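Enquirer: Sequence plus the predicted model coming up.
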Amino acid sequence: GESVGLHLPTLSVQEGDNSIINCAYSNSASDYFIWYKQESGKGPQFIIDIRSNMDKRQGQRVTVLLNKTVKHLSLQIAATQPGDSAVYFCAERKEEGGGNKLTFGTGTQLKVEL
Amino acid sequence: DTEVTQTPKHLVMGMTNKKSLKCEQHMGHRAMYWYKQKAKKPPELMFVYSYEKLSINESVPSRFSPECPNSSLLNLHLHALQPEDSALYLCASSTRVDYEQYFGPGTRLTVT
């Protein structure tokens, strides 16, 4: 079946280093992708999104890259800070049943070491 | 107001109880969603409302009954739940169904 998955369940980085979180997707019909951050005890927080007609989008300290050839999505966090510690989910959107459905990947736990 | 609020934060209920979860947003969003999230798992879509009409039901058991009384409010009515229904229930909203979703903090539900 179609799925959205992440390569690594846990990523540990040193404070100040750059972090790269990867996500593989298999639904070529998906036209929109979102990265969410979920801190313990909180709901997912929107970080950045990208549409399928783009291959790169930058935000504040974050960059999302989309490679449609290999169906791969990545989130880069520059100068990682302790506050970046959280679970990161990629999500893909596809049209289904007359509406748009968001499907989340399995998540990556980012741990920032001081 | 740029928040999605959910009440209660925590709920413990027995299998014979009837309870309701409430979600509210005042951002003018016309799409609202219910998700279920188990520990260490991603959110799973349950229901989607678009312009107060149910547009997606992900084959959710009838013991979960959603309601959208107006464009700002979304309820989830619970009846005869099972212990395996214990989870974090998240509400989200978006400008329309094809825009990014903003999540509330969730209701932690425990069924005893």
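Expert: Good, I have the coordinates. No experiment lies behind these values; they were computed from the predicted model shown.

Enquirer: and A:L66, what are its phi and psi?
Expert: A:L66 adopts backbone torsions of phi -120, psi 120, taken as degrees, to the nearest 10.

Enquirer: How about the one 3 residues further on?
Expert: The main-chain torsion angles of A:T69 are listed as degrees, to the nearest 10 and equal phi -60, psi -40.

Enquirer: what pairs with residue 74 across the strands?
Expert: Since you didn't name a chain, this refers to chain A. A:N22, A:L65 (DSSP bridges).

Enquirer: that's the wrong chain, I meant chain B
Expert: Counting by DSSP bridges, B:L74 is bridged to B:C23.

Enquirer: So which residues of the chain form strands?
Expert: The chain I'm using is chain A. Assigned strands in chain A, in chain order: A:4-5, A:10-14, A:19-25, A:32-38, A:45-51, A:56-58, A:62-67, A:72-77, A:86-96, A:99-104, A:108-113 (criterion: DSSP state E).

Enquirer: not quite, I wanted chain B
Expert: B:4-7, B:10-13, B:18-25, B:31-37, B:44-50, B:53-57, B:64-70, B:73-79, B:87-94, B:102-103, B:107-111.

Enquirer: Just tell me which of the ones you listed ends up closest to A:D31.
Expert: Smallest distance to A:D31 across those (C-beta to C-beta): 15.2 Å, for strand B:87-94. Yep, even glycine has a C-beta here, placed from its N, CA and C like the rest.

Enquirer: Those residues of chain B touching chain A, which are they?
Expert: Near chain A, the residues belonging to chain B are B:4, B:33, B:40-45, B:48, B:50, B:55-56, B:90, B:92, B:97-98, B:100-106 when assessed by C-beta under 8 Å from any C-beta of the partner chain.

Enquirer: which residues does residue 86 contact?
Expert: The chain I'm using is chain A. Applying C-beta atoms under 8 Å, 6 or more residues apart in numbering or on different chains, one finds that A:A86 lies in contact with A:37-40, A:109-110.

Enquirer: actually it's chain B I care about, not the one you picked
Expert: Counting by C-beta under 8 Å, 6+ apart, the residues that B:S86 touches are B:109-111.

Enquirer: How confident was the prediction at it?
Expert: B:S86 is assigned a pLDDT of 97 by the prediction.

Enquirer: go on, A:H7?
Expert: 49.

Enquirer: and B:Q25, how far is that from B:P105?
Expert: 13 Å (C-beta to C-beta, to the nearest Å).

Enquirer: what sits in contact with each of those two?
Expert: B:T5.

Enquirer: For the worst-scoring helix or strand of chain B on mean pLDDT, what is the distance to the chain centroid?
Expert: Ranked by mean pLDDT, DSSP states H and E, the weakest helix or strand in chain B is strand B:53-57, scoring a mean of 91. Here the centre of strand B:53-57 is set off from its chain's centre by 13 Å, with C-alpha atoms, centre = their mean, to the nearest Å.

Enquirer: Please point out which parts of stretch B:11-22 sit buried.
Expert: B:11, B:13, B:19, B:21-22 (16 or more other C-beta atoms under 10 Å in any protein chain shown).

Enquirer: Let me have the residues you listed in a markdown table, extended by distance to A:Q60.
Expert: Formatted as a markdown table, these follow (distance: C-beta to C-beta, whole Å):
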| residue | distance to A:Q60 |
| --- | --- |
| B:L11 | 36 |
| B:M13 | 41 |
| B:K19 | 40 |
| B:L21 | 33 |
| B:K22 | 33 |
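
Enquirer: Looking at these, point me to the pair that's furthest apart.
Expert: B:M13 and B:K22 (14.6 Å).
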